[in-house]
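S.K.: Quick one, fold the following:
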Amino acid sequence: MASTKTSRHNDSATPMMPLKHRYGYSRDSLGRYSENSLHSTYLGRYGGGSRCQDCLTRIPYATLIATIMCVVGVGVFCGTMYRGATLSARMFDEVFHLRLAWLEAVQLIFVVVGAGMGALGLMILFVGCLATGATRHKVYRAWRARVGGRISCAVFMSITYILQIAWLLMLCFLVIVTLIFTIFWSLCTNTDVQNNKKCIDFRQFDFMFPYNTKPSDMEVCEAHEIKLFCKDYVERAEVMFILATVACLLVIISLIHYLMCLSANYAHIRDHEKLQELQELQYLQDPELSVAGSKDRF
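M.R.: Okay, the predicted model is just below:
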């Protein structure tokens with residue numbers, strides 16, 4: 001009987017384990033390894049928590065690098081393609097006596113593509129800023145904000161994926177154009193052509209010319225025409241198209257980088273939503289924490 005009373009006394013004296021310890025998490029454990037707490041600990045230990053260092057933790061460096069690559073690539077691409085299209089139009093007009101009006105529309109398209117890609121890069125950079133560091137914890141607190149952030153990331157991922165396919169097709173086109181102008185330059189470097197003993201004959205490529213083109217217009221025989229074709233147009237245009245091909249590769253790499261960054265931002269917003277739901281569950285189980293953390297939540 002004594003042992004029974006002693007055991008009952010010990011059971012009654014033993015405090016009940018709180019619900020938060022039973023499930024293995026608390027408010028401190030939730031915030032201990034969050035991104036905001038890690039940044040604050042680092043800044044407090046090494047930088048004193050200055051505003052400059054706080055701003056550095058909010059910069060999406062991966063998206064910023066992709067934006068710089070995209071802007072540089074698109075700028076070089078538009079400039080070289082505009083110049084290359086101008087040289088090609090003048091070459092067909094002065095050497096082959098062909099007027100290609102559609103090349104002027106192509107030049108306008110290059111300008112529009114440059115402006116559109118620049119605007120897209122800035123918008124993706126803005127989305128990356130919203131999903132980075134402490135900014136994410138302030139912007140995506142509400143459920144609607146988190147849904148809107150995930151939708152915006154998904155939309156930009158779809159647009160980037162479509163643009164990726166378009167730029168790959170543009171790369172294939174540029175490779176073909178660069179190869180054609182390289183063949184033209186190899187014809188110009190022929191010793192017989194350089195000594196003005198032989199004409200550059202394009203009649204075997206008559207399928208590339210309009211139907212009503214004269215056979216005499218498919219030959220480059222006179223000295224000034226050879227100079228115009230080789231030195232003034234083909235040599236310069238080939239350099240422009242090579243640079244445009246390299247710039248196109250740079251844009252494709254930046255778009256791949258954008259896809260990785262948007263995927264990471266989507267995952268960050270989704271994980272932040274799960275952490276928010278876990279905190280809400282804890283607040284429901286412990287009302288005292290709900291009152292203490294109401295300012296942080298709203």
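S.K.: if you skip the residues just before and after it, what's nearest to residue 238?
M.R.: Spatial nearest neighbour of residue 238, excluding adjacent residues (CB to CB, 6 or more residues apart in numbering): residue 181 at 4.2 Å. (C-beta placed from N, C-alpha, C; glycine too.)
S.K.: That neighbour: how many residues sit nearby?
M.R.: Using other CB atoms under 10 Å, the number of residues around residue 181 comes to 24.
S.K.: Look up phi and psi at it.
M.R.: phi -70, psi -30 (degrees, to the nearest 10).
S.K.: Over to residue 201?
M.R.: When read as degrees, to the nearest 10, the backbone of residue 201 gives phi -100, psi 120.
S.K.: quick one on the thing from earlier: wait, the residue nearest to residue 238 sits on residue 237?
M.R.: Yes. In this structure residue 181 lies within contact range of residue 237 using CB atoms under 8 Å: 5.7 Å.
S.K.: Show the contacting residues for the residue nearest to residue 238.
M.R.: By CB atoms under 8 Å, 6 or more residues apart in numbering, the contact list for residue 181 reads 234, 237, 238, 241.
S.K.: what's the second one in contact with, if anything?
M.R.: So that's residue 237. Here residue 237 is in contact with 84, 87, 88, 91, 181 (criterion: CB under 8 Å, 6+ apart).
S.K.: Do I have it right that the second one meets residue 235?
M.R.: No. Under the criterion of CB under 8 Å, residue 87 is not in contact with residue 235, lying 9.6 Å apart.
S.K.: Of these two, give the one with the bigger neighbour count.
M.R.: Between residue 87 and residue 235, residue 87 has the larger neighbour count (other CB under 10 Å), namely 21 against 16.
S.K.: Leaving out chain neighbours, which residue sits closest to that one?
M.R.: Nearest non-adjacent residue to residue 87 (CB to CB, 6+ apart): residue 237, at 4.3 Å.
S.K.: any idea how far residue 72 is from the one you found?
M.R.: 22 Å (CB to CB, to the nearest Å).
S.K.: so where is this structure shaky, pLDDT-wise?
M.R.: 1-50, 53-55, 57-58, 131-142, 196-197, 271-280, 283, 285-298 (pLDDT under 70).
S.K.: Swap in 50 and give it another go.
M.R.: 1-49, 290-298 (pLDDT under 50).
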